[in-house]
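J.: predicted model and sequence follow; I will ask about them next.
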Amino acid sequence: MYQHGGDIYTNRNMIDFSANINFLGMPESVRKAAEEAVSESIHYPDVRCTELRKAIGAMDQVNPEHVFCGNGAADVIFSLVLAIKPKKALLPVPSFYEYQQALNSVLCRTDLYQMQEKDGFRMGEDILNRITPDVDILFLCNPGNPTGILIERELLEKILHKCERTDTLMVVDECFMDLVDEPENYSMMSWVERSDQIFILKAFTKLYAMPGLRLGYGICCNGGLLDQMERVSQPWRVSVPAQAAGIAAAAETEFVKKSREEIGRLRETMKARIREMGYMVLDSAANYVFFEGEYHLGNLMRERGILIRDCSNYQGLHMGFYRAAVRSAADDAKLLAALEEIHLG
């Protein structure tokens, strides 16, 4: 089984930097909404997620009819792939594993675009040459997971125009976009209702600290595709508490602003401190830091009660690459002290 971050069940009593969850925690309004909805769970969930889609539409300024809700972003990915059953996909790596896992489930052939360490794992315009008429679907993660590197919108727009010419569906995973400074400069949300060749993937998981409730969604103006996704998906995939939590979260504008400011400040401090120790640190833009360290750093940190994400099982990476989430200043200080002790010891 592929090893993800956040395995607190095996690694108990540790400070978890391996899962990229907002350290401010679940907003009180969201927690309360989910708790109150438990008593309503004697009923089946709304199959259409009507009120939730309305809330998402208002939050992201899109037509609610263009929103598809699922049991987490991974569920949306699998529904999308099952709906179109692509024969060939283009996948930049390193990247989120669930794209490949979903593609494997429909026996899709995958063409890998390897982002290079010497380029800071940044995507280049040469990817345009890899988008050909036989490529049915392209997955992009912005900012990247696990690297945190952003793809410039100018390049994304060039990619979209190429996908329109080749009839390739461009999937842009923006699950971490709300945690980026000035996300409006990088998001492709303004294109999602102007082209039926783009599908934007988002989730409530990271920003609103609700991974256990499982709530993700996709936005696309291709009604035929969304209808096909509904046909291949289970009907009650979003629970009553998850729908209620999502509706409450969609109204949390001040929480989003505060989260972005706090995380941005702490992230830059963490990157600077780790660089000062001599580690190679990428210019990660989300709520995590990607760096290269000792081969057995993960084990050494666990011995000190700290869990970080070993990224060696990502396609295109090797032993020594790690990802650490931004947590509170007090927790970050413990991480930095442990890193310094290991690096200097």
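T.: Thanks, I have it. This structure is a prediction, so every number in the text was calculated from the model and none was measured.

J.: who are the contact partners of the residue sitting nearest the centre point of the chain?
T.: Nearest to the geometric centre of the chain sits C175, at 3.7 Å (Cα atoms, centre = their mean). Neighbouring residues of C175 by Cβ atoms under 8 Å, 6 or more residues apart in numbering: 73, 145, 201-203, 205-206, 216. No exception for glycine: its C-beta is placed from N, CA and C like everyone else's.

J.: which parts of stretch 169-186 are buried?
T.: Neighbour counts using 16 or more other Cβ atoms under 10 Å place 169-180, 183, 186 of stretch 169-186 among the buried residues.

J.: returning to that earlier point: find the nearest non-adjacent residue to the residue nearest to the centre of the chain, please.
T.: Using Cβ to Cβ, 6 or more residues apart in numbering and skipping the chain neighbours, the partner closest in space to C175 is A203 (4.6 Å).

J.: then Q315?
T.: Q315 sits nearest to V93 (Cβ to Cβ, 6+ apart), 4.2 Å away.

J.: regarding A74, what is its secondary structure?
T.: Of the three states, A74 takes helix under DSSP: H, G, I helix; E, B strand; the rest coil.

J.: and for the nearest residue to it once chain neighbours are set aside, the neighbour number?
T.: Closest residue to A74 in three dimensions, ignoring its sequence neighbours and counting by Cβ to Cβ, 6+ apart: E98, at 4.7 Å. Residue neighbour count, defined by other Cβ atoms under 10 Å, stands at 20 for E98.

J.: quick check: which element contains E98?
T.: When elements are assigned from DSSP states H and E, E98 belongs to helix 97-105.

J.: now for that helix, which elements pack on it?
T.: If you count contacts as 3 or more Cβ pairs under 8 Å, 6 or more residues apart in numbering; DSSP states H and E, helix 97-105 packs onto helix 73-84, strand 88-93.

J.: mind checking which of the contacts of C175 are in helices?
T.: Counted as lying in helices by DSSP state H, out of the contacts of C175, are A73.

J.: name the nearest of the contacts of C175 relative to L300.
T.: Nearest to L300 among the contacts of C175 is N145, at 23.8 Å by Cβ to Cβ.

J.: ok, that closest one touching F96?
T.: Yes - N145 is in contact with F96 according to Cβ atoms under 8 Å; the separation is 4.9 Å.

J.: for the residue nearest to Q315, list each beta-bridge partner.
T.: Note on V93: beta-bridge partners Q114, judged by DSSP bridges.

J.: next up, the contacts around it.
T.: 112-115, 314-316.

J.: just the pLDDT for it.
T.: V93 is assigned a pLDDT of 96 by the prediction.

J.: please apply the same query to L344.
T.: Reading off the model, L344 has pLDDT 70.

J.: what's the answer for G5, then?
T.: For G5, the model assigns a pLDDT of 58.

J.: how far away is P92 from F204?
T.: From P92 across to F204, the span is 25 Å (Cβ to Cβ, to the nearest Å).

J.: can you give me the helices for the stretch 201-345 of the chain?
T.: Assigned by DSSP state H, counting those that start in this stretch, the stretch 201-345 of the chain shows helices spanning 223-232, 240-249, 253-276, 297-302, 329-344.

J.: brain fart, the stretch 1-150 of the chain
T.: 28-38, 50-60, 73-84, 97-105.

J.: winner for burial among these?
T.: Across the helices of the stretch 1-150 of the chain, the average number of neighbours (mean count of other Cβ atoms under 10 Å) peaks for helix 73-84, which reaches a mean of 22.

J.: who's more crowded, P92 and F204?
T.: F204 (28 against 22).

J.: phi, psi for the nearest residue to that one once chain neighbours are set aside please.
T.: Spatial nearest neighbour of F204, excluding adjacent residues (Cβ to Cβ, 6+ apart): L215 at 4.5 Å. The phi/psi pair for L215 (degrees, to the nearest 10) reads phi -150, psi 110.

J.: any weak-confidence spans in the stretch 51-200 of the chain?
T.: Within the stretch 51-200 of the chain, no stretch has pLDDT under 70.

J.: residues in contact with the residue nearest to K85 when sequence neighbours are not counted?
T.: Sequence neighbours aside, V106 is the residue nearest to K85 in space, at 4.9 Å (criterion: Cβ to Cβ, 6+ apart). Going by Cβ under 8 Å, 6+ apart, V106 touches 81-82, 85-86.

J.: ok, the residues you listed vs A324, which is closest?
T.: Looking across those and measuring by Cβ to Cβ, the closest to A324 is V81, at 30.3 Å.

J.: check contacts around the residue nearest to that closest one when sequence neighbours are not counted.
T.: Nearest residue to V81, sequence neighbours excluded (Cβ to Cβ, 6+ apart): A102, at 4.2 Å. A102 makes contact with 74, 77-78, 80-82, according to Cβ under 8 Å, 6+ apart.
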